[in-house]
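*Asks:* Quick one, fold the following:
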Amino acid sequence: MRVLGVDPGLTRCGVGVVEGVAGRPLSMRGVGVVRTPPDAELGHRLVAIEQGIEQWLDEHSPEVLAVERVFSQHNVRTVMGTAQASAVAMLCASRRGIPVALHTPSEVKAAVTGSGRADKAQVGAMVTRLLRLDAPPKPADAADALALAICHIWRAPAQNRLQQAVAQNRLQQAVAAHAAKTATAQTAQKGRTA
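*Replies:* Okay, the predicted model is just below:
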């Protein structure tokens, strides 16, 4: 599985491509940052992010795009910028039919370091170790993008099994409900004809 991780941001949007499967050594295929000037118009910055993401999609042909799930913080301005950059990345992938997965920061930290409260230095150190790199990717946004890709590769099999189990359970409940409804209707029909 080849995953493009995106750590969204208006000024620095971290991107990283990791390839591999759960339980086996992973390999990094690329890492970088899509930057936009903070003083540029918002629309121009979003276009620059779109062009950067499209270039990464062209060069690496990922099977999945893993994006950090945006959640409420105290700084609304930062959240809005992150959400806008995230939406652009999801749009680029969806336009090509590439599945998009969202992971919370704590899910990513827990998957990579074993603790959902790990700091950026710990995440960078584990990404370096897991991908057998010489040094932590810089800036931290790039390391976070790789961590997102690693998280998705490791979590996807379990999430798929869980989704299949939920779908199977819903199907069984629907079949049981239909059988009960049919039995009730048949009993009522017999009562009217008797």
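
*Asks:* Point to the helix or strand of this protein where mean pLDDT is at its lowest.
*Replies:* In the chain, the helix or strand scored least confidently by mean pLDDT, DSSP states H and E is helix 140-193, which has a mean of 89.

*Asks:* what's that one packed up against?
*Replies:* In terms of contacts (3 or more C-beta pairs under 8 Å, 6 or more residues apart in numbering; DSSP states H and E), helix 140-193 is packed against strand 2-7, strand 12-19, strand 27-35, strand 64-68, strand 100-103, helix 105-113, helix 120-130. Where C-beta positions appear, they are placed from N, C-alpha and C, glycine not excepted.

*Asks:* what angle separates the first one from helix 140-193?
*Replies:* Spelled out, it's strand 2-7. Taking axes from the mean of the first three to the mean of the last three C-alpha atoms, to 10 degrees, one finds strand 2-7 and helix 140-193 inclined to each other by 110 degrees.

*Asks:* Ok, the fourth one next?
*Replies:* Here strand 64-68 points in a direction 100 degrees away from that of helix 140-193 (the same axes, to 10 degrees).

*Asks:* Ok, the third one next?
*Replies:* Between strand 27-35 and helix 140-193, the angle formed by their directions is 100 degrees, by the same axes, to 10 degrees.

*Asks:* partners of strand 27-35 in the sheet?
*Replies:* Strand 27-35 pairs in its sheet with strand 12-19 (antiparallel), by DSSP bridges.

*Asks:* First-to-last residue distance for stretch 17-26?
*Replies:* 10 Å (C-alpha to C-alpha, to the nearest Å).

*Asks:* Give me the buried positions along it.
*Replies:* For stretch 17-26, the neighbour count (16 or more other C-beta atoms under 10 Å) marks 17-20, 26 as buried.

*Asks:* In PDB, list the C-alpha atoms belonging to stretch 1-15.
*Replies:* C-alpha atoms of stretch 1-15 as PDB (Å, rounded to 0.1, in the frame of the first residue of the first chain):
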ATOM      1  CA  MET A   1       0.000   0.000   0.000                       C
ATOM      2  CA  ARG A   2       1.300   3.400  -0.900                       C
ATOM      3  CA  VAL A   3      -0.100   6.300   1.200                       C
ATOM      4  CA  LEU A   4       0.400  10.000   0.800                       C
ATOM      5  CA  GLY A   5       0.200  11.600   4.300                       C
ATOM      6  CA  VAL A   6      -0.800  15.200   4.400                       C
ATOM      7  CA  ASP A   7      -0.400  17.400   7.500                       C
ATOM      8  CA  PRO A   8      -2.500  20.300   6.400                       C
ATOM      9  CA  GLY A   9      -1.600  24.000   6.900                       C
ATOM     10  CA  LEU A  10      -1.800  27.200   5.000                       C
ATOM     11  CA  THR A  11       1.800  28.300   5.400                       C
ATOM     12  CA  ARG A  12       3.400  24.800   5.600                       C
ATOM     13  CA  CYS A  13       1.500  21.800   4.300                       C
ATOM     14  CA  GLY A  14       3.600  18.700   5.200                       C
ATOM     15  CA  VAL A  15       3.500  15.800   2.600                       C
END
